[in-house]
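1. Provide a 3D model corresponding to the input given below.
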Amino acid sequence: MREVTKSDYLKTNTMNTSEILGRFFQSIEKDGRISITHIGVYAALLQFWRQNGFPTPMFAFSKQVQEIAKVSRFTFQKCVRDLSEYGYIKYKPSFKRNRGSEINLKI
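-> Presented below is the predicted three-dimensional model:
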């Protein structure tokens, strides 16, 4: 999997968020580590990315994405760390109150 960039999205009219989500589902098909919660968090990240104009990288505070995913902060942080460790996203926590964590989706 590789990181999705804004230019990837803009260059190909056929690529859209449902295609990216479809590619994610293909890649997790045989990955027993991925739960429904991971899928929900990935979908919420994709929605947040779309809502904010496809920024690359995107910067998000956990609370912003938790609200979309309907999960607790603890669950969100665990899933994001897992997704990063498994190679589905690239995640760099910020640890700063005024700057969100850096997140890149991969396809």
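
2. show me the shaky parts of this protein.
-> 1-2, 4-15 (pLDDT under 70).

3. which parts of it are helices?
-> Applying DSSP state H to the chain gives helices spanning 6-11, 17-28, 36-51, 62-69, 73-85.

4. could I get those helices as a markdown table with distance to Lys106?
-> For glycine as for every other residue, the C-beta is placed from the backbone atoms N, C-alpha and C. Below are those laid out as a markdown table (distance: least, CB to CB, whole Å):
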| stretch | distance to Lys106 |
| --- | --- |
| helix 6-11 | 11 |
| helix 17-28 | 9 |
| helix 36-51 | 10 |
| helix 62-69 | 16 |
| helix 73-85 | 9 |
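
5. can you put these in TSV and add mean neighbour count and distance to Ile107?
-> What follows is the helices of the chain, written out as TSV (neighbours: other CB atoms under 10 Å; distance: least, CB to CB, whole Å):
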stretch	mean neighbour count	distance to Ile107
helix 6-11	13	8
helix 17-28	15	5
helix 36-51	18	10
helix 62-69	17	18
helix 73-85	17	13
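
6. nearest to Ile103, of the ones you listed?
-> Of all the helices of the chain, helix 36-51 sits nearest to Ile103, with 6.2 Å by CB to CB.

7. and that closest one, what does it pack against?
-> Counting contacts by 3 or more CB pairs under 8 Å, 6 or more residues apart in numbering; DSSP states H and E, helix 36-51 packs against helix 17-28, strand 58-60, helix 62-69, helix 73-85, strand 101-105.

8. so which of those comes closest to Ala44?
-> Among the helices and strands packed on helix 36-51, the nearest to Ala44 by CB to CB is helix 62-69 (3.5 Å).

9. could you dump the closest one to PDB, C-alpha only?
-> Presented in PDB, the C-alpha positions along helix 62-69 are these (Å, rounded to 0.1, in the frame of the first residue of the first chain):
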ATOM      1  CA  SER A  62      -8.600  12.800  17.800                       C
ATOM      2  CA  LYS A  63     -11.900  14.400  19.000                       C
ATOM      3  CA  GLN A  64     -12.700  15.400  15.400                       C
ATOM      4  CA  VAL A  65     -12.400  11.900  14.000                       C
ATOM      5  CA  GLN A  66     -13.800  10.200  17.100                       C
ATOM      6  CA  GLU A  67     -17.100  12.000  16.600                       C
ATOM      7  CA  ILE A  68     -17.300  10.700  13.000                       C
ATOM      8  CA  ALA A  69     -16.300   7.100  14.000                       C
END
